[in-house]
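Colleague: need a structure here:
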Amino acid sequence: LQDLLSDAKEKGYAIPGVNIVGSSSINSCMEAAKKYGGPIMVTFSKGGGQFIAGKEADNTDDAASIAGCVAGAKHVREVAALYGVPVVLHTDHCQKA
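Modeller: Residues are numbered from 1 along each chain as shown. Predicted coordinates:
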């Protein structure tokens, strides 16, 4: 991460961060990064995690929010290499386990 941030600062570009709500939005972010030649930051939130888990998933004690964020992160880990761009996971807005 430090290498990416240093490169962005040195070359004067931003690393976009996009709040996602499912695998389609994750893939769209990585697709755009590949098309325009840069890294991307995929941002997870409590609500986004719950949406990934599904609206009928039991969210008692934020279980669905947590499970959805974990599932989304696993999705990124599995498919990011297929796009050939660096992908940063931003989890500051996730529910803490």
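Colleague: neighbours of the residue lying closest to residue 23 once chain neighbours are set aside, just the number please.
Modeller: Closest residue to residue 23 apart from its sequence neighbours, by Cβ to Cβ, 6 or more residues apart in numbering: residue 75 at 5.3 Å. In this view, the C-beta of every residue, glycine as well, is placed from N, C-alpha and C. The local packing of residue 75 (other Cβ atoms under 10 Å) involves 17 other residues.
Colleague: quick one: which helix or strand includes residue 75?
Modeller: Element membership for residue 75 (DSSP states H and E) is helix 63-83.
Colleague: what element comes up after that helix heading to the C-terminus?
Modeller: Assigned by DSSP H and E, the successor of helix 63-83 is strand 87-93.
Colleague: Roughly how far does the residue sitting nearest the centre point of the chain sit from residue 56?
Modeller: By Cα atoms, centre = their mean, the chain has its centre lying nearest to residue 42, at 2.5 Å. In this view, residue 42 and residue 56 are 25 Å apart by Cβ to Cβ, to the nearest Å.
Colleague: What lies in contact with the worst-scoring helix or strand of the chain on mean pLDDT?
Modeller: One helix or strand of the chain scores below all others by mean pLDDT, DSSP states H and E: strand 87-93, with a mean of 87. Applying Cβ atoms under 8 Å, 6 or more residues apart in numbering, the external contacts of strand 87-93 come out as 1, 4, 15, 17, 19, 30, 33, 39-46, 69, 73, 76, 80.
Colleague: Apply 10 Å and report the result again.
Modeller: Residues outside strand 87-93 that contact it (Cβ atoms under 10 Å, 6 or more residues apart in numbering) are 1, 4-5, 15, 17-20, 26, 29-30, 33, 39-49, 69-70, 72-73, 76-77, 79-81.
Colleague: repeat for stretch 62-73
Modeller: 20-23, 25-26, 42, 44-59, 89, 91, 93-97.
Colleague: Alright, calling it a day.
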